[in-house]
Each structure stands twice: as C-alpha cells, then as structure tokens.
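1. How does the following fold in three dimensions:
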Amino acid sequence: MIDKNINKIRSDIPNYVELIAISKTKPNEDIMKAYMNGHRSFGENKIQEMSIKFEELPKDIIWHMVGHVQSNKIKYMAPYVNLIHGVDSFKSIKIINKEGQKNNRILNCLLQLKISEEDSKFGLEANSIKKIIFSDEYDQMKNVKIRGIMAMATNTKNKDIIRNEFIYAKHIFDEISAIDNNLEILSMGMSNDYHIAIECGSNMIRLGSLIFGERNY
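-> Model (predicted):
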C-alpha cells in the first residue's frame, strides 16, 4: 500500500509542493518501499533513530530532522542532515553554525513560528524570528542558512481555526521573504490538514500516517 499511498498523494498535490515522508518509528523495509518508488526525502524526530537509518540505508536519501531540536543533539546530525525543522531559539542557530563549521558544511534550517495557542506546540513569535533573521550576528554566520519557516496548526477539527493560523504564517513568511530572498520554504501541513496548508501557501508538507499507516509505538 505504501506505493499506492505515495502515488495518490503525488497526484493530489501541486508539483511545487515538496513531500517529506515522516518515517519515525517505521522499519527500514517500509522506507525502502517508498525509496524504490522514487521517493527520497524522509523525516525523523529522534536523532538516534535517524542516525541508525542513515548508516543502514542508501546514501542518496535526504534526511530531515522534524522533531523539536535539542541543542545538545545537533552535533550528531550535523555530518549528514539536509534540513533541520523546528528551530526555535537563537542559541540553536549558533550551535548549528558551530557544528556546520566543524563538518565543513552549510546546515540548512527552518525557524518554527508559533501559530497555535496549544502549550504542546513549540515556536517563536514573529518578532523574534525577524530579530534573528535580520540580526548582524546571524548575517556573519557562514555555516548555517535559514531557508524558511515551519508552523504547526492547532490539533482541532475546526477548519476555520486551522485556516486562520496557516494564513497568518503565510503572511509572516511573505513579509520576511520580501526582504530576505533566502527564505524559500514554508513548511506547514500534516496528514490531517495538508490540503488547507497548501491552499494557504505551503510548499512543503510532512506526511506520515497517510503514507506508512499508523505510527508504531
């Protein structure tokens, strides 16, 4: 079913929307089924699990760290991670830059914008994101690149709430990207709300259960 699920999603979304297959807790066999269907971008939320999979699976897989970023774990993903989602502090940006220097890489990341009132959702206020991106300190960093913004909507069946939160995220993204053309990615939308996210301007979605089925615990 993984093949069919990916094909169905691909036919359902615009070509400009990048699909990240969230493979956390899933075995290598499932990832390889998606890989053999031509998919290359996978997301994990635990660095230990992602590092094991990186060692065991084909090296042309593009790995995304989609979980909350713990600053003491950045060094473990720095040698190979493609995009770090969910960065929500300037402290993490500084560490990402430092680890990028050590590995002679430019590490790409997204700043997480808080759009939901839920306590379980991490993120920065819009003004804090602007302060980081337009700061002289960040401007001088050579081994980290903020590629965009990610946001997670409220976990609710009320589509109006979700839509308003995504519209707000797109507004902030447009405001910043009009000044900083390095901002290219607006990552929002998961299995339960990706249609609304794309309607509101998302160009990257993170889908797990719709591809692999329910998560294994």
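
2. C-alpha from now on. contacts and neighbour counts both.
-> Noted.

3. residue closest to the middle of the protein?
-> Nearest residue to the geometric centre of the chain (C-alpha atoms, centre = their mean): His85, 3.8 Å.

4. can you confirm that residue is in a helix?
-> No: counting by DSSP: H, G, I helix; E, B strand; the rest coil, His85 is located in no helix; its state is strand.

5. what residues are up against it?
-> Shown in contact with His85 (C-alpha atoms under 8 Å, 6 or more residues apart in numbering): His64, Met65, Val66, Gly67, His68, Val69, Cys109, Leu110, Leu111, Gln112, Met150.

6. What ranges does this protein have for its helices?
-> Using DSSP state H, the helices of the chain run over 2-12, 28-36, 47-56, 74-77, 90-102, 126-133, 136-139, 159-177, 194-199, 209-212.

7. returning to what we had before: for PyMOL, what selects the buried ones among the contacts of His85?
-> Only the buried entries of the contacts of His85 go into this PyMOL selection, using 16 or more other C-alpha atoms under 10 Å:
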select buried, resi 64+65+66+67+68+69+109+110+111+112+150
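
8. Which ones among the contacts of His85 lie within strands?
-> His64, Met65, Cys109, Leu110, Leu111, Gln112, Met150 (DSSP state E).

9. pLDDT and distance to Cys200 for these - can I get that in CSV?
-> Below are these laid out as CSV (pLDDT from 0 to 100; distance: C-alpha to C-alpha, whole Å):
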residue, pLDDT, distance to Cys200
His64, 98, 23
Met65, 97, 24
Cys109, 97, 21
Leu110, 97, 18
Leu111, 97, 18
Gln112, 96, 17
Met150, 97, 13
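
10. Out of the residues you listed, which is nearest to Asp12?
-> Closest approach to Asp12 among the ones in strands among the contacts of His85 (C-alpha to C-alpha): Met150, at 21.4 Å.

11. Quickly note the distance from that closest one to Lys59.
-> From Met150 across to Lys59, the span is 26 Å (C-alpha to C-alpha, to the nearest Å).

12. Check what pLDDT the residue nearest to the centre of the chain gets.
-> What the model reports as pLDDT for His85 is 94.

13. and if you look at Ser120?
-> Model confidence at Ser120, given as pLDDT, is 69.
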